[in-house]
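Asker: need coordinates for the below:
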Amino acid sequence: MSSSSHDHPLPPPRVEEVSDGVYAYLQPDGSWWINNTGFLAGRRGVVCVDACSTERRTRAFREAIGKVSDRPVTTLINTHHHGDHTFGNWLFPEATIVGHEGVRERILADGVPTYRAAWSPDVEWGALDLVPPFLTYTDGVTVHSDELRCDVRHIGVAAHTTNDSVVWIPERRVLFSGDLVFNGGTPFVLMGSVTGSIEALGRLRELGAETIVPGHGDVCGPEAIDRMEAYLRFVLDTAERGRAAGLSPLETARETDLGEWAGLTDTERIVGNLHRAFAELDGLPPGGDIDLAAAVLDMITYNGGRPLSCFA
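Answerer: Residues are numbered from 1 along each chain as shown. The predicted structure is shown next:
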């Protein structure tokens, strides 16, 4: 099976002003390791939300910021620990790097993760100098860009990971969701929780955001939350049927018609999501440890034995 549908070459990243002085940095096509970031351009400095996966992509992000503002980047917020959002931290040496305490813990514990080998071998990662957040919080922290308040809040449950945070700008009804929201790509909760993600989406819905900058995909509205939840409930229903039939997560995925979800990028994530769903049905608490290597290997098997596509 094909892991993604791409038109080559991918469109270049673009800056989209989603509110006055608030910018999304969008990287098509939002598939594996190609994430979104963003920034707020204030009078005295720039506040960034996330870095990118490769040195080249993060340097391009910095260049894009420089075309909007000549102020220094004073603050870099990490929404979670995954490398597509944090590998480029080292390219912001002047910034205070802010993140949940779990982000720092996971980056320090994982180092440069060996699971990168699951993706296409020709990815040009560039230099990888891991720099975790050095200003951490348990529940949240408030950052100000001039007079504009930005509430950085841990979502409170294991969801995409165990350390997901959002950046909520209440005055503008703008939400940087991190990977709690995917738009156009298959959601991925292997390192978090299916049920926890559904709970997290309910908490996002309560915010009343009008504009959402998702972790991957185009800027969207609150309808993306509903679509995410529908997919995750599909995963749960599929896991329940497969488990009742005595199938493994991989076998269940192979027996499943993805239907309306077949057009999303990176469809092999269904296998990883089913690994997590099976574990939760077996009683594992949200965010509990599972065999990640086995799940990734099953995704590769589902993908015809080929490395997973990465065009970062």
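Asker: okay, now D266: neighbour count?
Answerer: Burial measure for D266: 26 neighbouring residues, criterion other C-beta atoms under 10 Å. From N, CA and C alone the C-beta is placed, and that goes for glycine too.
Asker: actually A51, sorry about that
Answerer: Residues within reach of A51, counting by other C-beta under 10 Å, total 27.
Asker: distance of it relative to F278?
Answerer: From A51 over to F278 the distance is 33 Å, taken as C-beta to C-beta, to the nearest Å.
Asker: again, but for P11
Answerer: Counting by C-beta to C-beta, the gap between P11 and F278 amounts to 37 Å.
Asker: these two: which is more packed in?
Answerer: Relative neighbour count places F278 above the other of P11 and F278, with 21 against 10, counting by other C-beta under 10 Å.
Asker: and the more buried one, that one's in a helix?
Answerer: Yes - the assignment for F278 (DSSP: H, G, I helix; E, B strand; the rest coil) places it in a helix.
Asker: touching, it and A239? I think so.
Answerer: Yes - F278 sits in contact with A239 when judged by C-beta atoms under 8 Å, with a separation of 5.5 Å.
Asker: residues bridging contact with these two, i.e. touching both?
Answerer: Contact criterion C-beta atoms under 8 Å, 6 or more residues apart in numbering; residues shared by F278 and A239: P249.
Asker: what ranges do the helices span in the stretch 101-250 of the chain?
Answerer: Taking DSSP state H, counting those that start in this stretch as the criterion, the stretch 101-250 of the chain carries its helices at 101-110, 194-207, 223-244, 249-254.
Asker: nearest to G83, of the ones you listed?
Answerer: Taking C-beta to C-beta as the criterion, helix 101-110 is the member of the helices of the stretch 101-250 of the chain that comes nearest to G83, at 8.6 Å.
Asker: tell me which strands and helices that closest one is in contact with?
Answerer: Using 3 or more C-beta pairs under 8 Å, 6 or more residues apart in numbering; DSSP states H and E as the contact criterion, the elements in contact with helix 101-110 are strand 135-137.
Asker: now do the buried residues in stretch 160-171.
Answerer: Of the residues in stretch 160-171, 160-169 count as buried by neighbour count, 16 or more other C-beta atoms under 10 Å.
Asker: now, which of those lie within strands?
Answerer: 165-169 (DSSP state E).
Asker: looking at those, which is nearest A262?
Answerer: The shortest gap between A262 and any of these belongs to V166, at 28.9 Å (C-beta to C-beta).
Asker: so what pairs up with the closest one in the strands?
Answerer: For V166, the beta-bridge partners under DSSP bridges are R153.
Asker: thought D179 was touching it, still the case?
Answerer: No - between V166 and D179 there is no contact, the gap being 10.4 Å when judged by C-beta under 8 Å.
Asker: quick check: neighbours shared by the two?
Answerer: The contact lists of V166 and D179 share T79, where a contact means C-beta under 8 Å, 6+ apart.
Asker: low-confidence ranges in this structure?
Answerer: For the chain, applying pLDDT under 70 flags the ranges 1-8.
Asker: longest strand of this protein, counting residues only.
Answerer: Ordering each strand of the chain by length in residues (DSSP E) puts strand 174-182 first.
Asker: for that one, the distance to its chain's centre please.
Answerer: 8 Å (C-alpha atoms, centre = their mean, to the nearest Å).
Asker: hang on, the earlier thing: distance to R43 added to the ones in strands among the buried residues of stretch 160-171, as a markdown table?
Answerer: Shown next, in a markdown table, are these (distance: C-beta to C-beta, whole Å):
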| residue | distance to R43 |
| --- | --- |
| S165 | 25 |
| V166 | 25 |
| V167 | 19 |
| W168 | 22 |
| I169 | 17 |
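Asker: count of neighbours near P113?
Answerer: Summarising burial for P113: neighbours were counted as other C-beta under 10 Å, giving 17.
Asker: distance of the nearest residue to it once chain neighbours are set aside relative to A95?
Answerer: Residue nearest to P113 in three dimensions, not counting chain neighbours: G83, with 6.7 Å by C-beta to C-beta, 6 or more residues apart in numbering. Going from G83 to A95 by C-beta to C-beta gives 18 Å.
Asker: which one of these two has more residues nearby?
Answerer: Regarding G83 and A95, a neighbour count based on other C-beta under 10 Å identifies G83 as having more, with 24 against 20.
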